[in-house]
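S.K.: starting from these lines, generate the structure:
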Amino acid sequence: MGEIREMICIMCPMGCNLSVKKSGAEIEVSGNGCNRGLNFAKEEITSPKRVVTSSVKTAQGVKSCKTTIPIPKDMIFLVMQEIDKLCLKEAKFGQVVIKNVLNTGADIVITAND
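M.R.: Numbers count the residues shown, from 1 in each chain. This next block holds a predicted model:
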């Protein structure tokens, strides 16, 4: 017998109800309507990742920011701490404010226009 987890796929608007069975290195997925669901479930079980959205302090107030790619879920709070260290004079839409944050391969970019 292996570990069985239920989850909802977030890769498209279908929101398929997935059942994932992990037994050793073998992973079985059912309920997926497409391969995106299959890949999502396998990654969620073995190495979950998330895009981090936050805000960064500037001289004009706060600006929204995010990672350019998903990062390992267990690094979210460490990345948030790095963002919290910033206080920028100014920030423009699309500006990279931290390059390759904590060697994740993700940049932190400003997502606000004003």
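S.K.: what distance do you get for the residue nearest to the spatial centre of the chain to Ile10?
M.R.: Per C-alpha atoms, centre = their mean, the C-alpha nearest to the average position across the chain is that of Arg50, at 1.4 Å. To Ile10, Arg50 is 10 Å away according to C-beta to C-beta, to the nearest Å. C-beta: built from backbone N, CA, C; applies to glycine.
S.K.: what's the residue nearest to the centre of the chain in contact with, if anything?
M.R.: Shown in contact with Arg50 (C-beta atoms under 8 Å, 6 or more residues apart in numbering): Pro70, Ile71, Lys73, Ile76.
S.K.: could you export these as TSV, including secondary structure and distance to Asn17?
M.R.: Listed next are the contacts of Arg50 as TSV, based on DSSP: H, G, I helix; E, B strand; the rest coil; distance: C-beta to C-beta, whole Å:
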residue	secondary structure	distance to Asn17
Pro70	coil	22
Ile71	strand	26
Lys73	helix	21
Ile76	helix	25
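S.K.: show the buried residues in these.
M.R.: Ile71, Ile76 (16 or more other C-beta atoms under 10 Å).
S.K.: ok, so of the contacts of Arg50, who is nearest Val97?
M.R.: Val97 lies nearest to Ile71 out of the contacts of Arg50, by C-beta to C-beta, at 15.3 Å.
S.K.: over to the residue nearest to the closest one when sequence neighbours are not counted: give its phi and psi.
M.R.: Nearest non-adjacent residue to Ile71, counting by C-beta to C-beta, 6 or more residues apart in numbering: Thr104, 4.5 Å away. Taking degrees, to the nearest 10, you get phi -90, psi -10 for the backbone angles of Thr104.
S.K.: Thr104 contacts Val79, correct?
M.R.: Yes - using C-beta atoms under 8 Å, Thr104 is in contact with Val79, at 7.2 Å.
S.K.: between those two, what contacts are shared?
M.R.: By C-beta under 8 Å, 6+ apart, the residues touching both Thr104 and Val79 are Thr67, Ile71.
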